[in-house]
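Student: Could you work out the structure for the sequence below:
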Amino acid sequence: MKKLPCTPRSSKTAATHPITRRQFMSGLAIATAGFQVVPGHVLGLNGATPPNGKLNIAGVGVAGQGGHDITQFPDHNIVGLCDVDWAHAAGTFRKFPKARQWKDYRRMLEEQKDIDAVVVATPDHVHAFASVAAMQLGKHVYCEKPLTHSVWEARRVATVAREKGLVTQMGNQGQASEETRRLCELVWSGAIGAVREVHIWTDRPSNGLFGEYWPQGVNRPSDTPPVPDTLAWDLWLGPAPERPYHKAYLPFKWRGWWDFGTGALGDIGCHAMDPVFRALKLGAPTSVQASSSRVNKETYPLASMVTYEFPARDASVQATNAHIRGQQGAAAGGLEMPPLKLVWYDGGLRPARPDILEEGPAMGTNGRLLIGDKGVLLGGGLFPKSRRREVGDVPKTIPRVANHHGEWAKGCQGGPLPGSNFDFAGPLAEAVLLGNVALRMQLREELTTQKLLWDSNELRFTNSEMANPFLRREYRAGWTI
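Tutor: As a prediction, the model looks like this:
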């Protein structure tokens, strides 16, 4: 099988998306043409493999979610599998017996020359490192949410992807869904009028009915059991501070630890906030503040509330996302998009029920509520009923896509940019992760008297020198991006 060469976007393609950093981070994007200039080698010219050739894909972190991700490319070649715990990854290894097996992704990327694209599904603290390493070598990247562990890393990853002209996708699969498109179409039609307030909630990390998804609000274990023979513990730690192995961290339970995961907000925020960012054309917030149950320096709190404030946006400007262009200019052109308050809740907390919902649908343990001047959207439902009758059928105006993973693969072959490419996913991840800064125990007293004021262009808080160090983290010796 002839190898498909890595196909970075040409400078001509980039020129059709003339978005400055200031415009993008404020949630404004320049309208773009409905087609892309495709490099000659993507069309099969000059002897290169045409788009119907197969990608050679490698996975970094291939157990759990990564094991699922790597199975989503049945029309392509899985040539490399990397995981620091071969016992945990054994099932994926068996599914792809022809793939080379690795423990250190750095060796895989340097030594295995047949890789076109990489799927990154490690714990959060390694996301940026594996993604940047792959992109620096010209590999297209699919990275699981929340894209990175810190705000600074999200900016760095998006910058490298743009500089290299590579095709990228974050693993917030719902962005490709019918539900996301219908939310945008309902909002842009003016069904609920101008939206000034949004509430999003989740039961994670514990739903109270079936126990914990993962522990939070706990301290570091004091015992030091032996490292399993199948686990490369030092590689698992990666850039995180050194500590003894313990089963309290893995598998999956790393999500609740400051050094490794991003808590409930990082886990669910990039899923749940994505449709709202698209429908309301959100960019960088102007402020963030938080309150929570007891928090310590080891793990995230059991429950928290994070409040973001966003500036007014220009409703006539088309979105940056390729799949949210369509009829947006016509549909949203006359719609006011005033300053917005977005409140996040986790640990089973949720907002008060608005009177406009009348009697009817329950506000479940996970949900999303958009409050407009003329009505509300609870999930995908429009209320009150009288407003639903008045609005009638809202037409479908946005192109649909069949598959979140598949659109990334097609993008790597010269197709349209994927819906959650890093130019969109990076700023979304930045906003989500700002909430985790506001949850830090070290800032708890300071934040009882003020909100954090955010300057996205300078990547800093303007009113808290105590908070700025939490925008990025120190790495163990030998780990840099």
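Student: Check whether Leu377 sits in a helix, strand or coil.
Tutor: Here Leu377 is strand, with the state taken from DSSP: H, G, I helix; E, B strand; the rest coil.
Student: heads up, I number from 270, so please use that
Tutor: Taking 270 as the first residue, the last one we looked at is Leu646.
Student: what about it, distance to Leu609?
Tutor: 14 Å (Cβ to Cβ, to the nearest Å). C-beta: built from backbone N, CA, C; applies to glycine.
Student: Neighbour count for these two, which is higher?
Tutor: Leu646 (24 against 21; other Cβ atoms under 10 Å).
Student: can you pull the contacts of that one?
Tutor: Residues near Leu646 by Cβ atoms under 8 Å, 6 or more residues apart in numbering: 452, 455-456, 460-461, 637-639, 652.
Student: rerun that using 6 Å as the cut-off
Tutor: 461, 639 (Cβ atoms under 6 Å, 6 or more residues apart in numbering).
Student: so how far is Gly695 from it?
Tutor: 27 Å.
Student: Ok, Met404 next?
Tutor: Met404 is 12 Å from Gly695, by Cβ to Cβ.
Student: who's more crowded, those two?
Tutor: Gly695 (27 against 24).
Student: On the three-state scheme, that one is what?
Tutor: helix.
Student: Hmm, Glu422 and it touching each other?
Tutor: No: using Cβ atoms under 6 Å, Gly695 is not in contact with Glu422; the gap is 9.5 Å.
Student: Can you say which helix or strand has Ala430 in it?
Tutor: Element membership for Ala430, per DSSP states H and E: helix 420-433.
Student: and that helix, average pLDDT?
Tutor: Here helix 420-433 scores 98 as its mean pLDDT.
Student: What is the following helix or strand past that helix packed up against?
Tutor: Next helix or strand after helix 420-433 toward the C-terminus (DSSP H and E): strand 437-439. Counting contacts by 3 or more Cβ pairs under 6 Å, 6 or more residues apart in numbering; DSSP states H and E, strand 437-439 packs against strand 409-412.
Student: switch the cut-off to 10 Å
Tutor: Of the remaining helices and strands, those touching strand 437-439 by 3 or more Cβ pairs under 10 Å, 6 or more residues apart in numbering; DSSP states H and E are strand 386-389, helix 393-405, strand 409-412, helix 420-433, helix 673-681, helix 691-707.
Student: how far is it from where the chain is centred?
Tutor: How far strand 437-439 lies from its chain's middle: 8 Å, per Cα atoms, centre = their mean, to the nearest Å.
Student: What mean pLDDT does that strand get?
Tutor: pLDDT averaged over strand 437-439 gives 98.
Student: and if you look at stretch 650-666?
Tutor: Rounded mean pLDDT across stretch 650-666 is 95.
Student: Stretch 530-548 now?
Tutor: pLDDT averaged over stretch 530-548 gives 97.
Student: Next, show the common contact partners of Met404 and Gly695.
Tutor: 426, 429-431, 437 (Cβ atoms under 10 Å, 6 or more residues apart in numbering).
Student: would you list those in TSV and tack on neighbour count?
Tutor: Below are the shared contacts of Met404 and Gly695 laid out as TSV (neighbours: other Cβ atoms under 10 Å):
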residue	neighbour count
Val426	27
Val429	22
Ala430	25
Arg431	20
Thr437	30
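Student: Can you tell me which of those residues lies closest to Gly603?
Tutor: Arg431 (32.3 Å; Cβ to Cβ).
Student: now that closest one: how far from Gln405?
Tutor: 13 Å.
Student: quick one: the helices in the stretch 520-669 of the chain?
Tutor: Using DSSP state H, counting those that start in this stretch, the helices of the stretch 520-669 of the chain run over 532-541, 543-548, 597-601, 654-660.
Student: what helices or strands is the second one leaning on?
Tutor: Contact analysis of helix 543-548 by 3+ Cβ pairs under 10 Å, 6+ apart lists helix 447-457, strand 464-470, helix 597-601, strand 609-615, strand 636-641, strand 645-647, helix 691-707 as its packing neighbours.
Student: Quick check: which of the helices and strands packed on strand 437-439 is buried the most?
Tutor: strand 409-412 (a mean of 29; mean count of other Cβ atoms under 10 Å).
Student: Give the other helices and strands that that strand contacts.
Tutor: strand 325-329, helix 334-339, strand 386-389, helix 393-405, helix 420-433, strand 437-439, helix 673-681, helix 691-707.
Student: Relative to Asp615, which of those is closest?
Tutor: Between the helices and strands packed on strand 409-412, helix 691-707 lies closest to Asp615; by Cβ to Cβ that is 9.8 Å.
Student: Quick check: mean pLDDT of the closest one?
Tutor: Mean predicted confidence for helix 691-707 is 98.
Student: Next secondary structure after that helix?
Tutor: That would be, after helix 691-707 and using DSSP H and E, strand 721-724.
Student: returning to that earlier point: now the angle from the helix holding Ala430 to helix 691-707?
Tutor: Here the directions of helix 420-433 and helix 691-707 differ by 170 degrees (axes from the mean of the first three to the mean of the last three Cα atoms, to 10 degrees).
Student: same for helix 420-433, what does it pack against?
Tutor: Going by 3+ Cβ pairs under 10 Å, 6+ apart, helix 420-433 lies up against helix 290-294, helix 393-405, strand 409-412, strand 437-439, helix 691-707.
Student: go with 6 Å
Tutor: helix 393-405, helix 691-707.
Student: JSON lines please, covering these and showing distance to Met542.
Tutor: Output for the helices and strands packed on helix 420-433, formatted as JSON lines (distance: least, Cβ to Cβ, whole Å):
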{"stretch": "helix 393-405", "distance to Met542": "16"}
{"stretch": "helix 691-707", "distance to Met542": "6"}
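Student: Among those helices, which comes closest to Gly675?
Tutor: Using Cβ to Cβ, those put helix 691-707 closest to Gly675, at 17.1 Å.
Student: Export only the CA atoms of the closest one, formatted as CSV.
Tutor: Presented in CSV, the C-alpha positions along helix 691-707 are these (Å, rounded to 0.1, in the frame of the first residue of the first chain):
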residue,chain,number,x,y,z
PHE,A,691,-7.8,23.6,17.1
ASP,A,692,-8.5,27.1,15.9
PHE,A,693,-12.0,26.6,17.4
ALA,A,694,-11.1,24.0,20.1
GLY,A,695,-8.1,25.9,21.5
PRO,A,696,-10.1,29.0,22.6
LEU,A,697,-13.0,26.9,23.8
ALA,A,698,-10.5,24.9,26.0
GLU,A,699,-8.9,28.1,27.2
ALA,A,700,-12.3,29.4,28.5
VAL,A,701,-13.2,26.1,30.1
LEU,A,702,-9.8,25.8,31.9
LEU,A,703,-10.0,29.4,33.2
GLY,A,704,-12.7,28.1,35.5
ASN,A,705,-10.2,25.7,37.1
VAL,A,706,-7.9,28.6,37.9
ALA,A,707,-10.7,30.2,39.8
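Student: Sounds good, over and out.
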